[in-house]
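*Asks:* 3D model of this:
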Amino acid sequence: MKNFIKYIKSSRSDIVLFAIFLLLLNLVAYRAFVRFDLTAPRSYSLSKASIQTVRTLEEPLSVKVFFTSNLPAPYNSVDQYVRDLMTEYKGKANRNFSCEFFDMSKPENETIARTYKLNQIQIREVKNNEVGFKQVWMGMVFTYADTVETLDGITSPEGLEYKITAKINNMISTTSTLAGLNGKVKLTLYKTDAMKDLGIQGFKEMEGAVKKAYTLVNAKNQDKIELEVLDPNFEEAPPLVQKYGLQAISWDKGEKHGVLGLVLEYDNTFRLLPVRLERTFFGQNVISGLDTLEDTLTESLKSLVSKTVEIGYITGHGEWNINDDDNGSGKFNDLVKDRYSFKLLNLQTDEITPNLTSVVINGPKRAFTDAELYKIDQYLLKGGNLLLFLDPVDEVLPQGEMAYYQQPSYNPIDTGLAKILDKYGIKMGKNYVLDERCYVQTNQMYGKMPVYFVPELQKQNLNQKHVISKNLGYVYFMQASTIDVDDAKAKDSEKVTVLAKSSPNSWLMSGSFHTNPSVLRVPTDKSTLKSENLAVLVEGKFQSAFDAKPEDKQEDNTLSVSDHLKESVQSGKIFAVGSSKLTRPQLIANEEQPVAMFVRNAVDYLNGEEDLCAMRTKGLALNTLNVKSMGLANAAKYFNIYGLVVIVAIIGLIMWQRRNIRRRIIRMTYNPNDSREISGGKSDNEKEAR
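*Replies:* Take a look at the predicted model:
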């Protein structure tokens, strides 16, 4: 024992003790590791909303990750990002969270993936200087209680944390709501049996397909659905068509009638599922929607029973139809429907109730009355929030056979909203902002043609300090007007944030409007070019635009009561854009586009969901390089590949040389005759002796 203690105290045990120290340090680090996220958008750190979601799980949540190993670039970074993200979730979650990674080289794991309806996707691979294609797995499965959800085709890290957290939240919400339902959700198949002899492909199989989908979905949702198949008679059909929007079908020269449709209904709310009669290109009648019925029924059930936040949507002045995907703002509705639902408001008869956190005014073309403006004004002063998408002019497209050869007409719009907005310090311009930095289209006749009325906003044009626009790049605006907020900035009670601006090479079109790219030119007088505000956010307390309620009349000797507010009792927010095109399919075809994220972030921010904004824009691909030419882009590319390596090597050589010089100076100062320093294989003393 004494010898062992003596050995431990001696220098001979240093290596052994150091090895033991490293072993113990690794064991401690395995149990309690520390991670540092140095990325600008905090891409590898969970947002507060995600942490709260997994930290408060009440039932087991299982995450299964199906990713092919050794993916080629750039998909290998997605695989690593998913693994890092799951590590963060696991570290912040309670004991109900579990995550499992599957080795997709094993056939049994491929079978499991297909059981969850995941699919292989095709990616491009460069190998041996040849470009080929590879089938890979890149999907995730989430299981909570009896609910199963999937994320398939994960080819990019953009917004992945948001998608995962939103998926988990929806599962929790749906499960909790289903458990608390008073009664069952009713699934009803309306079909006229007389149509079975009309030779409609899929008609006879339709009932069986519906029952199969119902059985599978019902088993996964706590047996909360009941199915009924009805054959409406001649008198029952018209009311059903009117109530649910079922297909009305007639045959035998209009003498016979029938209906067709599948309706999911609960508590006076319903969803019409897309099971319908369609005519193919070759003129054959078929029943469509049966192949994807299980997925459609699952999504419709979640939409029907999930608890969403209501947003007011003002109508009655030519606003865009929020349910029309093609000619209205249905894409805007699709963009937010996972968390919000629109409540249509006609201010002639409806009040803006306090439960509405925000109200949207989207592309009005006719004037508001003073009574309607007053309702908006008082709603804002009570702490409400406004999202304004206002056009400077009404673009009327030509109709008829010669419409293709005619230009649209542009009619001035006077909604009267200026009466209240001017009071708040917000002045919407009657112009279009044109920008030299814009979308460029390719024309067969003219080649590349800049579309100046579609400004392309890069990171430097977007406010990188505000969660609505942070981390975004390449956002397109279209036919947008200027927004002057100088008066709002002068008010101490209001905070102004300019979220989006055009480039310094911008100019205005006013008076005579047209959008023919072939005749638009950049002004020769460069002094007229300047940056313009395209989207602003004004927060704080506002002064009323009205001295009194419009219909209030004071009469002598009459008891009068007034609830008129002269100034805000709670802080409100106004998000304003000088174009309604941001809610139209021209710009927001899907939720992955930066402009769609910008609009969705504005909705979330005004509804108090700031964490969702930051979470949605964490994708690394959105941090684009700001360059003006491919030459600069290539220079930056090769500098990162080779330049940094060369710089590090040069710095290393310099530090090594400086260290040698310093050692030599120290030796020459304190012990110039020391023979231990070896130079070129010979000691200095040996060199002196020779």
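
*Asks:* tabulate the CA atom coordinates of stretch 107-116 in CSV.
*Replies:* Presented in CSV, the C-alpha positions along stretch 107-116 are these (Å, rounded to 0.1, in the frame of the first residue of the first chain):
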residue,chain,number,x,y,z
PRO,A,107,-35.2,-4.5,-45.2
GLU,A,108,-37.4,-4.9,-42.1
ASN,A,109,-37.0,-1.1,-41.4
GLU,A,110,-38.1,-0.3,-45.0
THR,A,111,-41.2,-2.4,-44.3
ILE,A,112,-41.9,-0.4,-41.2
ALA,A,113,-41.5,2.9,-43.1
ARG,A,114,-44.0,1.7,-45.7
THR,A,115,-46.4,0.7,-43.0
TYR,A,116,-46.5,4.4,-41.9
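
*Asks:* which pLDDT value belongs to the nearest residue in space to Leu508 that is not next to it in sequence?
*Replies:* Spatial nearest neighbour of Leu508, chain neighbours left out: Asn431 (4.5 Å); criterion: C-beta to C-beta, 6 or more residues apart in numbering. From N, CA and C alone the C-beta is placed, and that goes for glycine too. On pLDDT, Asn431 comes in at 95.

*Asks:* now Asn431: phi and psi?
*Replies:* Torsion angles at Asn431 (phi, psi; degrees, to the nearest 10) stand at phi -160, psi 170.

*Asks:* spit out the contact partners of it.
*Replies:* 392, 481-482, 508-510 (C-beta atoms under 8 Å, 6 or more residues apart in numbering).

*Asks:* doesn't Ala325 belong to a helix?
*Replies:* One thing to correct before we go on: residue 325 is Asp, not Ala. No. Asp325 is assigned coil when assessed by DSSP: H, G, I helix; E, B strand; the rest coil, not a helix.

*Asks:* number of residues surrounding it?
*Replies:* 13 (other C-beta atoms under 10 Å).

*Asks:* burial count for the spatially closest residue to it that is not a sequence neighbour?
*Replies:* Distances taken as C-beta to C-beta, 6+ apart put Lys331 closest to Asp325, at 6.1 Å, once the chain neighbours are dropped. Residues lying near Lys331 (other C-beta under 10 Å) number 22.

*Asks:* Ile5 versus Lys220, what's the distance?
*Replies:* Distance from Lys220 to Ile5, counting by C-beta to C-beta, to the nearest Å: 67 Å.

*Asks:* who's more crowded, these two?
*Replies:* For Lys220 versus Ile5, neighbours defined as other C-beta under 10 Å are more numerous around Lys220 (14 against 9).

*Asks:* how about the more buried one, what does it touch?
*Replies:* The contact partners of Lys220, taken as C-beta under 8 Å, 6+ apart, are 146-148, 298.

*Asks:* and the buried ones among these, selectable in PyMOL?
*Replies:* Buried residues among the contacts of Lys220 (16 or more other C-beta atoms under 10 Å), as a PyMOL selection:
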select buried, resi 147+148+298
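
*Asks:* could I get the contacts of Lys220 as JSON lines with secondary structure?
*Replies:* Listed next are the contacts of Lys220 as JSON lines, based on three-state DSSP:
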{"residue": "Asp146", "secondary structure": "coil"}
{"residue": "Thr147", "secondary structure": "strand"}
{"residue": "Val148", "secondary structure": "strand"}
{"residue": "Thr298", "secondary structure": "helix"}
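
*Asks:* quickly check the contacts of Lys220 for the two that are furthest apart.
*Replies:* Using C-beta to C-beta, the pair of the contacts of Lys220 lying farthest apart is Asp146 and Thr298, separated by 12.0 Å.

*Asks:* so where is the stretch 101-250 of the chain shaky, pLDDT-wise?
*Replies:* For the stretch 101-250 of the chain, the stretches with pLDDT under 70 are 128-129.

*Asks:* circling back: which among the contacts of Asn431 gets closest to Asp525?
*Replies:* Nearest member of the contacts of Asn431 to Asp525, counting by C-beta to C-beta, is Leu508, at 12.7 Å.

*Asks:* list the contacts of that closest one.
*Replies:* Applying C-beta under 8 Å, 6+ apart to Leu508 gives the contacts 429, 431-434, 482, 532.
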